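Engineer: need a 3D model of the following:
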Amino acid sequence: QDCYVCGKSGAAITCRGMGCQRSFHLPCATKGECITQYCRPYRAFCSQHRPVQVVEVAPDKGTRCLLCLDEMEASTSFRSLVCPACRHAWFHRSCIQGQALSDGFSRFQCPLCRDRDTFRREMRRIGIRIPSR
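Structural biologist: Below is the predicted model of the structure:
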């Protein structure tokens, strides 16, 4: 299979979207805005079929990532995420992924409201890898 992101052969991950035949390499996933769910049933989705956050809130102008303090985009997107519990904690996908890898499952929580269950469930659903250590 050819990777739909980079065009090279050897793409081993196929989108689980209904009827979708797109495949991609794991290293190409982020660049192509694809999502891999690192929990059972271990599914992957292309940019067209990936799960998105369904929160009816957008960051105010000047909102900053709670982790790196850089300014956020104007809405939720592949790169801009919000805590589904408090809807006030905004962060970049790469920043919260780094936090998840550092914290591990037992310590990973919303940096603002400290919610664990709703936050972890949503982060896993949208492709944040949370190691079990």
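Engineer: contacts, neighbours, all on C-alpha from now
Structural biologist: Will do.
Engineer: ok so residue 81 is a helix residue?
Structural biologist: No - using DSSP: H, G, I helix; E, B strand; the rest coil, the secondary structure at residue 81 is strand, not a helix.
Engineer: my guess is it contacts residue 88, does it?
Structural biologist: No - Residue 81 lies out of contact with residue 88 (Cα atoms under 8 Å); the separation is 10.3 Å.
Engineer: between these two, which one's more packed in?
Structural biologist: residue 81 (28 against 17; other Cα atoms under 10 Å).
Engineer: tell me the pLDDT of the more buried one.
Structural biologist: You'll see residue 81 listed with a pLDDT of 94.
Engineer: show me the beta-bridge partners of it.
Structural biologist: residue 91 (DSSP bridges).
Engineer: list the contacts for it?
Structural biologist: Residues near residue 81 by Cα atoms under 8 Å, 6 or more residues apart in numbering: 53, 90-93.
Engineer: hmm, which of these is lowest in pLDDT?
Structural biologist: Scoring the contacts of residue 81 by pLDDT puts residue 53 last, at 91.
Engineer: got the phi and psi for residue 26?
Structural biologist: phi -60, psi -40 (degrees, to the nearest 10).
Engineer: ok now do the nearest residue to it once chain neighbours are set aside, which residues does it touch?
Structural biologist: Using Cα to Cα, 6 or more residues apart in numbering and skipping the chain neighbours, the partner closest in space to residue 26 is residue 13 (7.0 Å). Applying Cα under 8 Å, 6+ apart to residue 13 gives the contacts 23-26, 44.
Engineer: and the longest helix along the chain, which residues are buried?
Structural biologist: What stands out as the longest helix in the chain, according to DSSP state H, is helix 93-103. By neighbour count on 16 or more other Cα atoms under 10 Å, the buried set for helix 93-103 is 93-97, 99-101, 103.
Engineer: next: stretch 33-43.
Structural biologist: Result for stretch 33-43 [16+ other Cα under 10 Å]: buried residues 33-38, 43.
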